Structures are given as structure tokens and as C-alpha cells.
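Participant: coords please:
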Amino acid sequence: MKYFPDLKVAVPPVELIDLSALKPLEPLELSKATPESATSEQSATCHLDANQPDQRWLMVEEFLQATPLEPNSRRLYKRELQRFFQWSDRPLAAMTPALLAAYCTWLETTPAPRTGKPLARNSINVAITALKRFFAWLGTTHPRHCATNPTTEIKWLKAEVTPPSPLSTAALACLWGTLPSLGITQYRDTLLVHLLCQGLRVSEIVALNLANWDGAQLWLPATKNQLAKNQLAKNQPLRSMVLHQASRVALEHYLDWRRQHLPESLQPDSPLVISLHVAHSGKRLSYIGIYQAIERLGQLASQRYRTIVASSAHPSPNDEQTQQQLANLHPDQLRHMHRTL
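Facilitator: You can find the predicted model right below:
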């Protein structure tokens, strides 16, 4: 090592390198394990230590416990937040608007494993809502983890509203013919079909108590949207619905069956429609419970229609379509039947 007395510093010897002997750099192959690794912004920030517990999920669990949510919303939020944190391995403090935008693009373009198609816009909007609510809560409750809300600029997608196709006359007739064979749920599910066919929403049916029925009409409680437009309607009946004669008969038959077969005392605050599942018998039938009941009814009606077609001497070219309508039955199809009944 040479010294320069005037500078009083030591300079190491220079070693010449033959550049022709160096191997060319190989192109970097991005990992496909995490979808976020395909984004250009990933290298600009830190990532989680794989050997440490994921503190992000502790925050998610705290958010779900601290936020008043309906059971169905809680389940959806948990699923969407889990999807996001599987997609990205960034710490909460490293989340950026560009990352959230990249994630929304990924949702719009990446086929879902179950369907092989990208998520529908309504499903993506659920994911956006879950992220917006989580990061808004995080910025308020734990600002050191979220100094700036990264979801502020994320916009909901304009949903494509596709009205459900109305049931054919043959499908509706088969549906009514299937109800008497349902056993213990016959009277309840018959009432559900009547209420849906008169235009009631599933959420409205879930909220009904016996006090909402006066023997001729239903007094429907205000929805959240209606309350937002008319604060004076809070905790007051907002509108009434006069039931058709057949619907009134179905409701009274259902209540008579409950009085005779269930060990319950019918009170004004008792739910109008109850679950008959062993684990939840007598409790209010949930939103998901109504969907499952109608889907089960559709499956049974589809099987019944298949049997009818097999024994028919004059099959119809629309038989396959009718069978598919029944097999894929959901409450919204029945709710829109009131326009054609």
C-alpha cells in the first residue's frame, strides 16, 4: 500500500480486471409465488420477514371485532382482506395508493380458481369496500401503521345490472308443485315463495317480526337507505304491503303449524320466519338461510321436472332451459316475479 505524505492517506494498490473474462449477467426471473411480485413497485419497499408472525392479520382480527358488522358482511370482509394479504407481503406502513390500484387491476384481470373467470364487478366492489373500511379504521386506531390512507383514490366500479330472467310458466308451476313434498319446511318455504313473489327483499323478510303482521297486511321496517332519506322514519313503520289472499292463507297456515308443532310462545317480537335447523331451531332465519332454502327448493323442483319430462310423450324444446332455471334458482328471480304475476 502506497502513502502520500502530503495527503497523509493510504491508497490501496490498483488491480486490473479483465472484463472479457466476466460472465454476462443473467436476466432476473421474478417470483411467481406472490402476485404482487409482478408489479414494478415491489422492489421499492420493504417486505415481511417470513420467520416472524404476520402482525397484519392481528390488526384484521381486531378490526373485525371492533367494527359492528352483519354476520354476512363480516364473513365477506374477512375473506377479502385475507385475499389481499395473501397477494401482498408488504407491511401495513408500506402500503401505497399505487399498490392498491395494482391490486384492483389484478382482481379485474386474474381468473378466479373456482370459475376460471375474473371476479364480477359487484364482487370487486365488495373487496374495495372491505379495504376502504379496514384502512380507514387502521388510520384512526393505529395511525403509526397507516399515516396516509392508501385507498382514498380507489373508486368503486360501476356495476353491470343484469335483471334476472323471469321463470317460465312451466318452471313456476313445477316450483309450486314441489312445495308440498318438503316435509318439515313445507309451510315456511311456501310462505317464503309467496313473500318473495310479492316483491319483498330477503333483508326485509329477515327483519320481520310477528308484530309486523296485522292479519291483512305487513308493516315493513325501514331499510338503511330509507332511513338515510327520512330520519323521521327511524323505528317507525315506513310502509305497508297488502298481501294477496293466497299469501295471507300461507302465512296463517305457517303460524298455525308453529303453534301446533313447536314449543314456543309466539310474541310480538318473535321473528316471523324462523330456522328449523337442529342447531338453530326457533331462531330468526338468516339472510344466508333464506338463500339456502330457495336454492334447495330449486334443486328439488329441477329433479321433479326431470322426472316429469322423462315420462312425457311430448317433450318441449324448452325443457332443458326450464330445468336449468330451477337448478339455478335464487331469491331475486322470485322477487322479480311480482312484475309478471
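Participant: Low-confidence regions, this protein specifically.
Facilitator: Under the criterion pLDDT under 70, the flagged ranges of the chain are 1-52, 160-164, 222-238, 338-341.
Participant: So which residue is dead centre in it?
Facilitator: Centroid-nearest residue in the chain: residue 76, 4.9 Å away (criterion: C-alpha atoms, centre = their mean).
Participant: Setting the sequence-adjacent residues aside, check what's closest to that residue.
Facilitator: Among residues not flanking residue 76 along the chain, residue 126 sits closest, at 5.5 Å (C-beta to C-beta, 6 or more residues apart in numbering). To be clear about C-beta, it is placed using only N, CA and C from the backbone, and glycine gets the same treatment.
Participant: isn't that neighbour right up against residue 75?
Facilitator: No: if you go by C-beta atoms under 8 Å, residue 126 and residue 75 don't touch, sitting 10.8 Å apart.
Participant: When the two are compared, which one has more neighbours?
Facilitator: residue 126 (18 against 13; other C-beta atoms under 10 Å).
Participant: buried ones in the helix or strand harbouring residue 134?
Facilitator: Assigned by DSSP states H and E, residue 134 belongs to helix 121-141. The neighbour-count check on helix 121-141 (16 or more other C-beta atoms under 10 Å) flags 121, 123-135, 137-139 as buried.
Participant: And the contacts of that helix?
Facilitator: Residues from elsewhere that reach helix 121-141, judged by C-beta atoms under 8 Å, 6 or more residues apart in numbering: 59-60, 62-63, 66-67, 76-77, 80-81, 83-84, 92, 95, 100, 104, 107-108, 119, 145-151, 154, 156-160.
Participant: Tell me the buried residues in the helix or strand just after it?
Facilitator: Sequence-wise, the next helix or strand downstream of helix 121-141 (DSSP H and E) is helix 169-178. For helix 169-178, a neighbour-count test (16+ other C-beta under 10 Å) marks 170, 171, 172, 174, 175, 178 as buried.
Participant: which residues are in contact with helix 169-178?
Facilitator: The contact list for helix 169-178 (C-beta under 8 Å, 6+ apart) reads 167, 193, 297-298, 300-301, 304-305, 308, 316, 318, 322, 325-326, 329, 337.
Participant: Buried ones among those?
Facilitator: Applying 16+ other C-beta under 10 Å to the contacts of helix 169-178 flags 167, 193, 297-298, 300-301, 304-305, 322, 325-326, 329, 337 as buried.
Participant: Let me see the contact set for the closest residue in space to residue 152 that isn't next to it in sequence.
Facilitator: Excluding its sequence neighbours, the residue lying closest to residue 152 (C-beta to C-beta, 6+ apart) is residue 97, at 7.1 Å. With contact taken as C-beta under 8 Å, 6+ apart, residue 97 is in contact with 150, 151, 152, 153, 154.
Participant: Of the residues you listed, grab the buried ones for PyMOL.
Facilitator: The PyMOL command for the buried members of the contacts of residue 97 (criterion: 16+ other C-beta under 10 Å) is given here:
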select buried, resi 150+151+154
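Participant: Kindly reformat the contacts of residue 97 as a markdown table containing distance to residue 290.
Facilitator: Listed next are the contacts of residue 97 as a markdown table, based on distance: C-beta to C-beta, whole Å:
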| residue | distance to residue 290 |
| --- | --- |
| 150 | 37 |
| 151 | 32 |
| 152 | 36 |
| 153 | 37 |
| 154 | 32 |
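Participant: Nearest to residue 286 among the contacts of residue 97?
Facilitator: Nearest to residue 286, judged by C-beta to C-beta, of these is residue 151 at 29.4 Å.
Participant: Was I right to think that closest one contacts residue 100?
Facilitator: Yes: assessed by C-beta under 8 Å, residue 151 is found in contact with residue 100 at 5.5 Å.
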